[in-house]
Structures are given as C-alpha cells and as structure tokens.
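>>> have a look at this prediction, sequence included:
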Amino acid sequence: MSAGLTDKAQAILQSSLYGYDIDNTMVRLGLMNLMMHGIDEPNIDYKDTLSKGYNEESEYDIVMANPPFTGSIDKGDINENLTLSTTKTELLFVENIYRLLKKGGTGCVIVPQGVLFGSGGAFKALRQMLVERCDLKAVIIMPSGVFKPYAGVSTAILLFTKVWGPVDRVTKPATEHVWFYEMQADGYSLDDKRTKQEGHGDLQDIVAKYHSRNPETDCENRTITADHKCFMVPRADIETEGYDLSLSRYKQDVFEEVKYDPPGMILERLIYAEVGKVEEKNLAQVQSGIVRELLELQGMIG
C-alpha cells in the first residue's frame, strides 16, 4: 500500500501479482480500516501500479510501501515509463515510487537487502538514481526475522526525498551524506513466534538518532557496537564504491586485543588435567600417549 498526504487519505492496493490475490473483500477491509482510524472519506484504488494501464506520476507528497519481494513481471506488461532494464519487482517498485512522488516528496520503502549491493546493471542504476536524483537520507538495516513466519529474507528501509525529476538534467547530485543504522531488535523475538519483548527494541533509538544526526561528527566513527549502531557516509565514498549501499561496506570493524597465557603454562594445565598432581621426576613414567606428547611439546618450547 502506498499513501499520499492530501486533503483526503489516498491509497493504492497492488493487484493479484505473484500470488497476491487482492479482491473486493480486501478493498472493503481496507476502507473499513481507514474509517476506523478516523479517515472519513478513504479512497482506495485496486490497480497494478507496474502495469501499462497505470499512468499516475508526480502525484504524492509521501509514499510509504512494503511491496512484494523477489518477484518478477512479464516484460510485456511493464509500464513504459519505468526505465530500469529488469523484470525484478523489488527494483521496479522503488523506481515507480520515485516517479509517483512530487518534487520534494518523500518515500519510505522496505526492500530486500540484495537491492543494496546487487551487482547487476539495474541494481546499480537504481542506487545511482537514489543518490543523484534523490536526497537519500537513510538506509536502515533490519535483522533477519522481522517478517517471520511469512518470510525470512533480510530487509532494509530506504528513506529518500525526490529532488530531480526523471527527465531533469542533474547539475549536482542531490545526496550529500547517507545515514546508516544497523537495527538489532524491533521489539519482538526474531523467530517464527515473534513474541513481544520488553521495550521497543531499537525503534525509538532510530527516530532519536536520525533527528540528531550530524555529518560533522557522525562521519568520523563508523564502528558498530551495542551502544553505537549508526554513522554517516559522504556521497563521494559511495560513488567510489560503485554506489554500493550495504552497511558492511563502510563500517569499521572493532578488534579487541586478546591476551593468552604463555604456552608453557597452558601445557602445564593440560598435563594436570590428564594426570593430576605428579612430581616432575615421575612424569616420565606416565604411559599415557597424550601426556608423552604434551611433555615432548613442553621440552620443545623449553
């Protein structure tokens, strides 16, 4: 469902593509749901927004969507206004949302994480469009399991504002910095039961950190820890990486120094575990093959 903020709430229901059977009953349920939430005159259209029969463009201030994942559409059915050379719906839906937005309008869409780093030409072209023609504000990585038991695919949230239209000449890329956040919990267990957990997971922290983001400070520390889950990346770095938007491409790993006991001390513990407390002069009489080998190692290291 995608919705635009106008004087009356509007929404679009995707049609029965890829096994998603949406009939008049679903439309009626949607209407009732909107009315129960205070929208007196809801408007829901039953359409396939990727098809040739759908011609809306630059109509909405806000589009929020969780479109079908990893589907495909017959090439002959794709709307001619969609320019990506692909039949993958996870890419076409994002491009279509971009086209539906007015200039200055904002889109928020959930995508499979493969959209962030896919090596195909259409994947890269979509990411370049989001960086150059839109102000790509945020990439929020969600943990695998947030859509269980229905799907186990790893997902991410893209938040972007449309700056340049599809036929505009881009004189300057719209994105300056992209804010990345690695969500570790959403307030529910990540198994098939999706049991409510105490608190709200990272959701409130995401909202707070997003509104307080600052390129001057958030670009410096790209480590991800339990207490530090976000950072910003300049557009130049993203261009250098071929418009890759995977968080792992930019985060810095934290290596903690681990101190180990000297080898001799470790060998002494192993020998003690095998034979207990035995005087050194009696160790040579021990018949255990393991102990003999440990004693040989002990002699080698001195």
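All right, it came through fine.
>>> now residue 243: closest residue in space that isn't a chain neighbour?
Take residue 243 and drop its neighbours on the chain: the residue closest to it by CB to CB, 6 or more residues apart in numbering is residue 127, 4.1 Å away. From N, CA and C alone the C-beta is placed, and that goes for glycine too.
>>> which SSE is that neighbour in?
Using DSSP states H and E, residue 127 sits within helix 121-132.
>>> elements contacting that helix?
For helix 121-132, the contact count by 3 or more CB pairs under 8 Å, 6 or more residues apart in numbering; DSSP states H and E identifies helix 89-100, helix 114-117, helix 235-240 as packing neighbours.
>>> pLDDT (mean, whole number) over it?
For helix 121-132, mean pLDDT is 98.
>>> circling back to that earlier point, so which of the helices and strands packed on helix 121-132 is the most packed in?
Mean neighbour count (mean count of other CB atoms under 10 Å) peaks for helix 89-100 among these, with a mean of 23.
>>> helix or strand right after the helix holding residue 127?
Helix 121-132 is succeeded, C-terminally, by strand 134-141 (DSSP H and E).
>>> give me the mean pLDDT for the helix or strand following that next one.
Next helix or strand after strand 134-141 toward the C-terminus (DSSP H and E): strand 155-162. In this model, strand 155-162 has an average pLDDT of 98.
>>> alpha carbons of strand 155-162, as PDB, please.
Output of strand 155-162 as PDB, limited to C-alpha atoms (Å, rounded to 0.1, in the frame of the first residue of the first chain):
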ATOM      1  CA  THR A 155      15.500  -6.400   4.600                       C
ATOM      2  CA  ALA A 156      16.300  -2.700   4.800                       C
ATOM      3  CA  ILE A 157      14.400   0.600   4.900                       C
ATOM      4  CA  LEU A 158      15.200   3.300   2.300                       C
ATOM      5  CA  LEU A 159      14.300   6.900   3.100                       C
ATOM      6  CA  PHE A 160      14.600   9.400   0.300                       C
ATOM      7  CA  THR A 161      13.300  12.700  -0.900                       C
ATOM      8  CA  LYS A 162      12.800  13.300  -4.700                       C
END
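>>> what count of nearby residues applies to residue 79?
19 (other CB atoms under 10 Å).
>>> mind checking how far the closest residue to it other than its chain neighbours is from residue 77?
Take residue 79 and drop its neighbours on the chain: the residue closest to it by CB to CB, 6+ apart is residue 52, 5.4 Å away. Between residue 52 and residue 77 the computed distance is 7 Å (CB to CB, to the nearest Å).
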